[in-house]
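Q: sequence unknown, structure follows:
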């Protein structure tokens, strides 16, 4: 039996049919071009995309056998930040740190140095396990990338 290969990615909301399988990936794992992945069922498949791609929760791979595999965001260690969100987001962004922006909170990956800095700025910081889907970067296609100042 040959290993199925995913060479096509369908963005969320643009699937040609329903997904029959699911793969759960962390933030770092959702940035790839070529890699072997394992579905929630335990079955492996190969991803072989034309270029390195930022995968989003809700996207789907189309396998060589026609199946669609939904991409889900894994729970990972994050910090939930509450307080003066505009000011806190500015400081997080100034450190080029990926940040998930919601109406009443910010989420960043767990980092004790940033947690201490944010508490020093008056933020409420709580450790949690949650899917992490940060805002896309203005200079990268879906990722916060370094850039020259």
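A: That came through, no problem. Nothing here was measured: the structure is a model prediction, and the numbers come from that model. Residues are numbered from 1 along each chain as shown.
Q: domains of the chain?
A: Domain assignment for the chain, taken from automatic domain parsing, gives 5-73, 76-131.
Q: So what sits opposite residue 108 in the bridge?
A: Taking DSSP bridges as the rule, residue 108 bridges to residue 79.
Q: From what I see, it and residue 78 are in contact.
A: Yes: counting by C-beta atoms under 8 Å, residue 108 touches residue 78, with 6.6 Å between them. C-beta coordinates here come from the backbone N, C-alpha and C atoms, glycine included.
Q: overlap in contacts of those two?
A: residue 100 (C-beta atoms under 8 Å, 6 or more residues apart in numbering).
Q: Pull the contacting residues for the spatially most central residue of the chain.
A: Central residue of the chain (C-alpha atoms, centre = their mean): residue 27, 3.6 Å from the mean position. Each residue near residue 27 by C-beta under 8 Å, 6+ apart is listed here: 73, 76, 98, 109, 132-134.
Q: Which one of the residues you listed is nearest to residue 119?
A: residue 109 (16.3 Å; C-beta to C-beta).
Q: quick one: that closest one and residue 102, what's the gap?
A: Separation of residue 109 from residue 102 (C-beta to C-beta, to the nearest Å): 15 Å.
Q: so the residue nearest to residue 95 when sequence neighbours are not counted is in which element?
A: Leaving aside its sequence neighbours, residue 95 sits nearest to residue 114 (C-beta to C-beta, 6 or more residues apart in numbering; 7.0 Å). If you go by DSSP states H and E, residue 114 is part of helix 112-120.
Q: Next, the buried residues of that helix.
A: 114-115, 117-118 (16 or more other C-beta atoms under 10 Å).
Q: contacting residues around that helix?
A: Against helix 112-120 from outside (C-beta under 8 Å, 6+ apart): 79, 81, 83, 88, 91-92, 95, 97, 108, 125, 127.
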